[in-house]
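*Asks:* Sequence first, predicted coordinates after that:
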Amino acid sequence: MERPNLYRRRAVRLVLVAVAAAYAAGHLAANEAFVEVAGGAVSMRPPEETEIELASETIRIYLSAKEYVIDASFVFKNHGNTVTLDVGFPRYDYGTPETAQFRDFRTWVNDQPVRARQMPSANDVAAEIRSWYVKQVRFPADELTTTRVRYRSAYGRDRLMRTVEYLYGTGRTWSGDIGHLRVQVFNSGVLWVDSFRFSEPLPVAFFSLEANDFELIAENVEAEEDDVFRLAMERVPWWLSDSPSASEQDWIFDRTEVKTENLRLLTLAQLRIFRNTFYARRGFDFGDGELGRFFRQFRWYRPRTTDAKGLLNAVEEENVKRIVAEEERRRTFLFR
């Protein structure tokens with residue numbers, strides 16, 4: 001049976017790799033864009049009309065049970081004369097009601113809070129851009145200028161997955177490529193991160209951040225207007241769930257190797273659960289402790305022995321060793 005998949009997809013390594021495309025219905029945000037206001041509506045300007053480049057951006061995504069927070073920072077470099085421009089942050093909704101709003105939207109210029117006007121989109125680029133948060137920004141010649149936005153939003157949906165989608169493609173309105181793109185994911189541990197993808201094959205570097213979090217870094221990104229970063233999460237991973245079709249055949253890790261790179265999307269606590277799932281699937285009785293209470297919520301768990309010796313086959317033993325190695329690697333962040 002094919003599954004939405006943390007473990008069969010191509011892994012993201014610490015070295016540079018290509019990430020495949022994906023789109024799904026959800027609630028999206030997007031990069032700050034060079035825009036113009038005409039007739040009370042907002043549209044994007046072409047990059048040929050400015051000498052300002054988007055030198056770098058950092059997109060911080062904070063995951064919790066019912067919503068996520070985006071905190072995005074942008075650094076611009078003006079290679080031309082001093083100029084004041086309209087800068088817009090779009091509310092980009094795909095498959096969500098037009099009444100959906102960002103909550104607690106705030107924005108800054110050079111670390112100073114500023115007000116942004118919410119204005120309708122001219123819809124000349126993407127029908128899904130409902131409106132823009134527009135502010136005026138002064139860009140001094142040959143200097144760096146920073147902007148920042150922060151807001152809360154509900155998750156999008158793709159089948160059983162919860163999704164966060166971020167339209168970084170609007171960054172192409174600035175001169176040249178996006179110089180440095182960083183995405184940081186901070187996971188409270190409530191959700192299990194299944195996968196992440198960029199719209200176009202994009203070389204990225206993957207780094208763990210302490211016990212639960214990770215970041216992705218790409219350089220010199222040549223974006224298209226509709227390029228999206230997508231993060232997919234599950235309440236419970238498929239290899240734990242009690243779906244109507246669940247059976248022993250759903251447990252594939254008695255014959256399939258767990259890739260170390262895949263484990264890096266899990267928090268340290270989730271790695272512990274995954275490691276002990278190997279024993280739970282074989283009927284190990286964890287008693288009335290934390291793990292016992294956790295596994296008893298699943299119908300497939302049938303405790304029958306307290307002897308772990310010889311309980312796993314050779315493939316499972318090797319998989320457990322890989323998980324232990326990742327747990328030890330992650331703990332080095334806590335004690336350094």
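*Replies:* Great, that's in hand. Numbers count the residues shown, from 1 in each chain.

*Asks:* Now for residue 131: which residues touch it?
*Replies:* By CB atoms under 8 Å, 6 or more residues apart in numbering, the contact set of residue 131 is 42, 90-91, 118-121. No exception for glycine: its C-beta is placed from N, CA and C like everyone else's.

*Asks:* so what's it bridging to?
*Replies:* residue 91, residue 120 (DSSP bridges).

*Asks:* Likewise for residue 214?
*Replies:* When assigned by DSSP bridges, residue 214 has beta-bridge partners residue 185, residue 208.

*Asks:* ok, it - how many residues close by?
*Replies:* 21 (other CB atoms under 10 Å).

*Asks:* and what of residue 236?
*Replies:* Here the neighbour count serves as a burial measure; for residue 236 (other CB under 10 Å) it reads 14.

*Asks:* now residue 305
*Replies:* As a burial measure, the neighbour count of residue 305 was computed by other CB under 10 Å and equals 12.

*Asks:* same thing with residue 143?
*Replies:* By other CB under 10 Å, 11 other residues sit near residue 143.

*Asks:* try residue 309
*Replies:* Look at residue 309: counted by other CB under 10 Å, it has 6 neighbours.

*Asks:* any chance you could read off phi and psi for residue 292?
*Replies:* Geometry field for residue 292 lists phi and psi as phi -60, psi -50, criterion degrees, to the nearest 10.

*Asks:* what's the nearest residue to it if we skip its chain neighbours?
*Replies:* Nearest in space to residue 292, with sequence neighbours left out and distances taken as CB to CB, 6 or more residues apart in numbering, is residue 286 at 3.7 Å.

*Asks:* doesn't residue 204 make contact with residue 218?
*Replies:* Yes. Judged on CB atoms under 8 Å, residue 218 makes contact with residue 204 at a distance of 4.8 Å.

*Asks:* In the chain, what residue spans correspond to helices?
*Replies:* Using DSSP state H, the helices of the chain run over residues 260-263, 268-281, 290-295, 314-335.

*Asks:* Residue 315 touches residue 251, doesn't it?
*Replies:* No. Assessed by CB under 8 Å, residue 315 is found out of contact with residue 251, at 11.4 Å.

*Asks:* These two: which has the busier surroundings?
*Replies:* Comparing residue 315 with residue 251 by neighbour count (other CB under 10 Å), the higher total belongs to residue 251, at 19 against 16.

*Asks:* need the contact list for the nearest residue to the more buried one once chain neighbours are set aside.
*Replies:* Leaving aside its sequence neighbours, residue 251 sits nearest to residue 281 (CB to CB, 6+ apart; 5.2 Å). Shown here is residue 281, whose contacts under the criterion CB under 8 Å, 6+ apart are 251, 254, 300.

*Asks:* Among those, which are located in strands?
*Replies:* Using DSSP state E, the subset of the contacts of residue 281 located in strands is empty.

*Asks:* Pipe the residues you listed into TSV and attach pLDDT and distance to residue 168 per row.
*Replies:* Rendered in TSV, the data for the contacts of residue 281 read as follows (pLDDT from 0 to 100; distance: CB to CB, whole Å):
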residue	pLDDT	distance to residue 168
251	84	37
254	93	40
300	92	40
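
*Asks:* can you list the domains in this structure?
*Replies:* 26-234, 248-335 (automatic domain parsing).

*Asks:* most packed of those?
*Replies:* Scoring the domains of the chain by mean neighbour count under mean count of other CB atoms under 10 Å gives domain 26-234 as the most buried, with a mean of 18.

*Asks:* Surely the residue nearest to residue 292 and residue 304 touch.
*Replies:* No. Taking contact to mean CB under 8 Å, the distance of 11.8 Å between residue 286 and residue 304 leaves them out of contact.
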